[in-house]
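Enquirer: got a structure for you, letters missing:
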Ligand SMILES: Cc1cc2nc3c(=O)[nH]c(=O)nc-3n(C[C@H](O)[C@H](O)[C@H](O)COP(=O)(O)OP(=O)(O)OC[C@H]3O[C@@H](n4cnc5c(N)ncnc54)[C@H](O)[C@@H]3O)c2cc1C
């Protein structure tokens with residue numbers, strides 16, 4: 001097997017991977033492997049921005065308090081403090097690399113405010129913050145003499161020697177299969193959206209990192225805390241895309257297929273209840289009426305202001321013949337963010353020596369049972385930076401304990417198995433769970449794993465390996481959900497004995513005169 005050696009190996013080219021690469025490159029040679037083109041990542045899709053207490057009316061203490069409240073008692077306080085104290089420095093670093101953020105007329109950063117934040121503290125670039133940050137990072141890594149980037153390089157497994165990580169095995173489209181040895185390996189493979197039928201994540205979010213790490217014995221935690229966004233487009237001809245909360249903020253109402261404003265049955269804050277409450281209410285309403293979606297209605301607002309406030313959404317919907325100033329928008333909740341993952345300490349060190357992790361693949365303790373909006377890009381930046389300070393360079397061991405590669409199956413079978421898994425996850429391990437559903441999901445996922453293993457081997461292809469990774473990650477999510485006997489944050493099981501009804505109906509106003 002051909003091999004290549006560097007001080008540091010980075011798997012993934014989102015914000016976590018590229019910020020680690022840039023900082024580690026000050027101390028040694030870095031190789032970055034990424035399975036698609038370099039910009040293909042959740043990072044590139046992030047919209048709202050990055051949370052940081054940078055205004056005079058704000059403080060890290062307030063940011064800390066908001067993060068702890070969102071996490072519902074399950075955050076690691078030390079990790080949260082580190083995150084919020086480092087945030088302003090992280091923003092300065094991005095600016096020093098050339099990232100541009102929106103400014104007020106006096107030159108200060110323009111700060112947005114999002115749900116759960118007690119102050120304006122969201123640093124942003126229009127509604128495309130992730131794209132801007134990724135642009136700046138890519139320009140910087142491409143210009144760095146110590147960084148070598150391999151695109152279309154799919155990591156199939158981590159290499160270990162005596163229980164320590166010594167690099168990774170990867171199939172690189174341009175050169176074939178190769179071992180990449182390094183003294184320190186940074187796992188920055190991002191999210192797990194493709195576990196579910198509906199997700200806001202791009203197609204690269206296949207939980208590879210969780211599966212890769214679990215297979216070398218790394219500790220995985222909190223995978224049951226999956227964040228769902230309440231309103232994403234439901235349409236057979238277009239993949240899920242986010243219909244921002246701002247549409248509800250601007251007066252958009254949620255209706256069922258009969259046209260009824262059903263939020264009256266669930267929460268006195270109606271459409272402006274917290275994200276998880278709205279998502280859960282939609283799910284219950286859809287199950288109650290056996291419908292595929294509900295509808296978001298902003299047609300009462302005047303057309304000019306809709307076009308002015310939501311130009312991107314307006315145009316995208318128009319391309320599929322939905323005119324949001326006249327029509328109701330079909331929406332469903334979709335998986336959005338994975339709060340759990342590979343456990344790390346404050347330096348990004350996992351439980352496996354030589355293996356670091358940062359970004360959405362991790363469980364650093366900052367999100368607890370629920371993520372505060374715009375804390376995830378920040379988490380990727382801060383913990384990748386911390387890891388780059390302590391990760392060792394130098395000569396790695398180059399004798400992997402095993403040469404076995406994971407098995408591929410035919411792509412047609414992989415597509416079928418993945419669809420079956422996504423259906424199980426959406427219906428039984430989604431927003432609202434039950435003991436019976438989780439037991440069925442456990443059996444269903446185990447059967448799909450057994451089926452995958454029993455099918456004939458096929459030549460290398462990424463889809464089946466991603467499907468296998470998804471199945472292994474699904475097993476972690478189901479196990480976490482079964483073990484979590486108390487409803488907290490994003491985990492809600494109707495059979496948990498401690499469950500209090502999350503709903504509080506309010507009387508629906510009757511039309512005047514009736
Ligand atoms: C629509 C949307 C909007 C969002 N908005 C915000 C926001 O406003 N603010 C915020 O803080 N967060 C937001 N998030 C979340 C945030 O974007 C992510 O949590 C964050 O970008 C994760 O960064 P990362 O570097 O960990 O992973 P990613 O950016 O997803 O990068 C992962 C990388 O790993 C690579 N990879 C994966 N598996 C392999 C493999 N086997 N081999 C090689 N390479 C591999 C991928 O190709 C990719 O390059 C949003 C997410 C979405 C989807």
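Expert: It's in. Keep in mind that this is a model prediction, so the values were computed, not measured.
Enquirer: what about the strands in the stretch 101-250 of the chain?
Expert: 111-112, 122-123, 147-150, 153-161, 164-172, 176-187, 220-221, 226-233 (DSSP state E, counting those that start in this stretch).
Enquirer: save these as TSV, and put in mean pLDDT too.
Expert: Output for the strands of the stretch 101-250 of the chain, formatted as TSV (pLDDT from 0 to 100):
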stretch	mean pLDDT
strand 111-112	89
strand 122-123	93
strand 147-150	98
strand 153-161	98
strand 164-172	98
strand 176-187	98
strand 220-221	98
strand 226-233	95
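Enquirer: redo the ones you listed as TSV? Include mean neighbour count and distance to residue 317.
Expert: Any C-beta I mention is one placed from the backbone N, CA and C, and that applies to glycine too. Shown next, in TSV, are those (neighbours: other Cβ atoms under 10 Å; distance: least, Cβ to Cβ, whole Å):
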stretch	mean neighbour count	distance to residue 317
strand 111-112	20	23
strand 122-123	24	25
strand 147-150	19	36
strand 153-161	22	35
strand 164-172	24	39
strand 176-187	24	37
strand 220-221	20	38
strand 226-233	24	7
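Enquirer: ok, which of those comes nearest residue 486?
Expert: Residue 486 lies closest to strand 220-221 among the strands of the stretch 101-250 of the chain, at 15.5 Å (Cβ to Cβ).
Enquirer: helices or strands up against that closest one?
Expert: Secondary-structure packing of strand 220-221 (3 or more Cβ pairs under 8 Å, 6 or more residues apart in numbering; DSSP states H and E): helix 208-215, strand 341-343.
Enquirer: strand partners of it, parallel vs antiparallel please.
Expert: With DSSP bridges as the test, strand 220-221 is paired with strand 341-343 (antiparallel).
Enquirer: give me the contact list for the partner strand.
Expert: By Cβ atoms under 8 Å, 6 or more residues apart in numbering, the residues outside strand 341-343 that reach it are 187, 192, 209-210, 213, 218-223, 350-351, 357, 360-363.
Enquirer: of all the strands of the stretch 101-250 of the chain, which one is nearest residue 478?
Expert: Nearest to residue 478 among these is strand 226-233 (11.3 Å), distances taken as Cβ to Cβ.
Enquirer: about what we covered before: give me the buried entries from the contacts of strand 341-343.
Expert: The neighbour count (16 or more other Cβ atoms under 10 Å) marks 187, 192, 209-210, 213, 218, 220-223, 350, 357, 360-363 as buried among these.
Enquirer: filter those by proximity to the ligand?
Expert: For the ligand, the contacts drawn from those by Cβ under 6 Å from any ligand atom are 360-361.
Enquirer: out of the buried ones among the contacts of strand 341-343, which comes closest to the ligand?
Expert: The closest of the buried ones among the contacts of strand 341-343 to the ligand turns out to be residue 360 (Cβ to the nearest ligand atom; 3.9 Å).
Enquirer: and the closest one, what does it touch?
Expert: Residue 360 is in contact with 14, 16, 42, 190-192, 337-338, 341, 376, 380, counting by Cβ under 8 Å, 6+ apart.
Enquirer: name the SS class of whatever residue of the stretch 351-500 of the chain ends up closest to the ligand, please.
Expert: Per Cβ to the nearest ligand atom, the residue of the stretch 351-500 of the chain with the smallest distance to the ligand is residue 359, at 2.1 Å. Secondary structure, DSSP: H, G, I helix; E, B strand; the rest coil: residue 359 is coil.
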